[in-house]
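>>> sharing a model that was predicted from the sequence below.
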Amino acid sequence: MAGPRTCSGTGAFITGSFIYWTARVNGLSYATSGARNGSDPDSPSRGNFKYPDWEFDPGFKVGLGFSLDHDGWDSLVQYTWLYTGTQKDRTRQSDINTTTLIPTWNIAFAFPDDNLLPQRITFGESKWELKFNAIDWEVGRNFYVSPRLKLRPSVGLKGTWHKQEYDVTVVESSASTATEFVMKQDHDFWGIGPRGGINTAWQFNPFFSLIGDLFLSGLWSNFDVERKDTERQTISGGVPVDEPSTTNYFSKSDFYTLTPVLEIMIGLRAETWFSNDDFHVSLDAGWEGQVWWSQNQYIQLRSEANHEGNMVLQGLTIKLRLDF
């Protein structure tokens with residue numbers, strides 16, 4: 001049997017993983033800088049789009065599994081947690097003297113014609129964060145297809161709930177006035193559905209392996225998104241003022257759909273048995289990536305840039321497993 005199995009253990013095993021991942025959502029630009037003189041495409045004054053400052057953050061996975069009596073099957077339940085903290089980026093017109101700074105979100109009705117974005121802003125800032133939770137349950141079986149290649153196909157379920165928060169602040173100012181426009185969006189998501197895939201182990205010898213995993217899920221899911229845009233004047237007649245905010249736009253989107261999820265991983269494994277083969281321990285280290293299709297469901301207005309895209313999680317995964 002391809003195992004791993006212990007000689008006289010309970011058939012149970014536990015897993016614990018340290019993850020150091022970056023999470024990002026495509027389409028979340030908040031401003032763009034454009035060269036005033038675009039005649040030279042290689043000019044250093046050429047502008048670019050501004051995005052949240054995506055960073056790597058720590059998280060974890062924990063799992064509990066059992067080797068079943070039926071035909072060498074095993075079952076595993078695993079929980080994944082990741083919190084990115086606030087991914088912040090800001091830019092000022094004074095920092096890019098040769099370009100014009102233009103917002104990509106029209107913070108609604110802040111300007112007379114909602115079909116037109118403002119020609120210029122003097123300051124822009126974005127803040128994005130993700131609180132991610134997922135539970136995977138699977139039933140699989142290890143078997144050898146050659147003396148050095150081991151496969152474990154499995155089927156099961158994936159459940160998830162996570163929350164994104166995305167805030168954009170822009171300031172339009174002149175010599176004597178300044179107005180601050182703020183967009184806040186709360187993006188809640190949950191889903192549940194079938195999950196299937198395969199784990200592979202390409203063994204150099206009984207103790208070391210090259211490993212690779214591939215899983216695909218289809219989740220019946222719900223998006224619940226709320227957007228609120230406000231404005232307030234911060235300088236009037238050259239003097240700072242503390243005026244209350246005025247709400248320009250407040251709306252909600254709540255719908256159900258089917259969401260595909262792709263999970264991939266490649267790495268190395270070291271494993272051994274000890275105490276008369278009553279215990280087995282393995283250590284995996286590798287790169288893992290996940291693609292969550294069409295996760296950018298932020299509310300958009302007709303005059304805004306195309307803010308659409310997938311959510312991508314990727315980074316280092318180090319996993320310890322103990323069979324006993």
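Cool, the structure landed. Residues are numbered from 1 along each chain as shown.
>>> what count of nearby residues applies to Pro147?
Residue neighbour count, defined by other C-beta atoms under 10 Å, stands at 7 for Pro147. Bear in mind the C-beta positions are built from the backbone N, C-alpha and C, glycine included.
>>> and it, how close does it get to Glu172?
70 Å (C-beta to C-beta, to the nearest Å).
>>> likewise for Gly63?
Gly63 is 51 Å from Glu172, by C-beta to C-beta.
>>> again with Lys61
Counting by C-beta to C-beta, the separation of Lys61 from Glu172 is 45 Å.
>>> how much space between the residue in the chain sticking out farthest from the centre and Thr177?
Most distant from the centre of the chain: Gly237, at 43.8 Å, with distances by C-alpha atoms, centre = their mean. As defined by C-beta to C-beta, Gly237 lies at a distance of 8 Å from Thr177.
>>> pretty sure Gly159 contacts Phe189?
No. Contact criterion C-beta atoms under 8 Å: Gly159 and Phe189 do not qualify, at 11.8 Å.
>>> hey, what's in contact with both of the two?
With contacts taken as C-beta atoms under 8 Å, 6 or more residues apart in numbering, Gly159 and Phe189 have no neighbour in common.
>>> more neighbours, these two?
Each of Gly159 and Phe189 has its neighbours counted (other C-beta under 10 Å); Phe189 has more, 21 against 17.
>>> my read is that one is in a helix, agree?
No. Counting by DSSP: H, G, I helix; E, B strand; the rest coil, Phe189 is not found in a helix; it is strand.
>>> and it, what are its bridge partners?
With DSSP bridges applied, Phe189 shows beta-bridge pairing to His162, Phe223.
>>> pretty sure it is in contact with Asn222, am I right?
Yes. Counting by C-beta under 8 Å, Phe189 touches Asn222, with 7.0 Å between them.
>>> show me where this structure dips below the pLDDT cut-off.
Residue ranges of the chain with pLDDT under 70: 1-3, 7, 9, 35-46, 94-99, 108-120, 303, 305.
>>> correct me if wrong: Ser251 contacts Gln300.
No. Using C-beta under 8 Å, Ser251 is not in contact with Gln300, being 10.7 Å away.
>>> of the two, which one has the most company?
Remark: of Ser251 and Gln300, Gln300 carries more neighbours, 17 against 12, as counted by other C-beta under 10 Å.
>>> wait, what's in contact with the more buried one?
Gln300 neighbours (C-beta under 8 Å, 6+ apart): His307.
>>> ok but it is inside a strand, no?
No. Looking at Gln300 with three-state DSSP, it is coil, so not inside a strand.
>>> quick one: it from Asp213, how far?
Gln300 is 35 Å from Asp213, by C-beta to C-beta.
>>> now do Leu258
For Leu258, the distance to Asp213 - C-beta to C-beta - is 23 Å.
>>> ok, what's across the strand from Ala201?
Applying DSSP bridges to Ala201 gives these bridge partners: Lys150, Ile211.
>>> pretty sure it contacts Ile211?
Yes. Between Ala201 and Ile211 there is a contact under C-beta under 8 Å: 5.2 Å.
>>> intersection of neighbour lists for those two?
In contact with both Ala201 and Ile211: Arg269, using C-beta under 8 Å, 6+ apart.
>>> contacting residues around Asp53?
So Asp53 contacts 87-89 (C-beta under 8 Å, 6+ apart).
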